[in-house]
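In: Dropping a prediction and its sequence here:
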Amino acid sequence: MPKAKGKTRRQKFGYNVNRKRLNRNARRKAAPRIECSHIRHAWDHAKSVRQNLAEMGLAVDPNRAVPLRKRKVKAMEVDIEERPKELVRKPYVLNDLEAEASLPEKKGNTLSRDLIDYVRHMVENHGEDYKAMARDEKNYYQDTPKQIRNKINVYKRFYPAEWQDFLDSLQKSKMEVE
């Protein structure tokens, strides 16, 4: 169906558009940034994804790389010809990835400094009396005795060595006072 008369507009040049930024963003969207630095440095933009990953010894499709065995028993066994393995031209990428994966995982979860100070203050002043802790003026968030007990238990679980040293220092200070 033809357009109504007078509805077509002439294309005008957009002077306010930054062409350099437009082209740069188009290139970035066409080829997204590879997050892994080992793969990024070995990447050849002239080759396809399959060729690049094959040269590094990596698989494009994990289902084809490690096929599942079929459970059906065949009456006659036929010699299955294995495909020739692709040549790994960049084994250093695979070695770097394996070395990085074998490093021990960093313990990322820690407690805030405020919570540690809060727990230490409560235990120093009140010992095991959670009801007195709940009435303490430093209990800004008005935690209940059970909530305070849980915070102390979390601190014990995260830093068992520091907790033991803290208790030992409390025992020494009590001995000195007496």
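Out: Nice, I can see it.

In: C-alpha from now on. contacts and neighbour counts both.
Out: Fine.

In: pLDDT below threshold where in this protein?
Out: 1-3, 72-86 (pLDDT under 70).

In: Is the residue nearest the centre of the chain part of a helix or strand, or is it coil?
Out: For the chain, the residue whose C-alpha lies nearest the mean C-alpha position (CA atoms, centre = their mean) is residue 108; its distance is 10.0 Å. Going by DSSP: H, G, I helix; E, B strand; the rest coil, the secondary structure assigned to residue 108 is coil.

In: Can you tell me how far it is from residue 158?
Out: Applying CA to CA, to the nearest Å, one obtains 11 Å for the distance of residue 108 from residue 158.

In: Work out for me the element residue 146 sits within.
Out: With elements delineated by DSSP states H and E, residue 146 resides in helix 145-158, which encompasses its position.

In: pull the CA atoms of that helix into PDB?
Out: Backbone C-alpha positions of helix 145-158 (Å, rounded to 0.1, in the frame of the first residue of the first chain) are rendered in PDB as follows:
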ATOM      1  CA  PRO A 145      19.300 -10.200  73.100                       C
ATOM      2  CA  LYS A 146      19.000 -13.000  70.500                       C
ATOM      3  CA  GLN A 147      20.100 -10.800  67.700                       C
ATOM      4  CA  ILE A 148      23.100  -9.700  69.700                       C
ATOM      5  CA  ARG A 149      23.900 -13.300  70.500                       C
ATOM      6  CA  ASN A 150      23.700 -14.200  66.800                       C
ATOM      7  CA  LYS A 151      26.100 -11.300  65.900                       C
ATOM      8  CA  ILE A 152      28.600 -12.600  68.500                       C
ATOM      9  CA  ASN A 153      28.300 -16.100  67.100                       C
ATOM     10  CA  VAL A 154      28.900 -14.800  63.600                       C
ATOM     11  CA  TYR A 155      32.100 -13.100  64.900                       C
ATOM     12  CA  LYS A 156      33.200 -16.300  66.600                       C
ATOM     13  CA  ARG A 157      32.700 -18.200  63.300                       C
ATOM     14  CA  PHE A 158      34.500 -15.700  61.100                       C
END
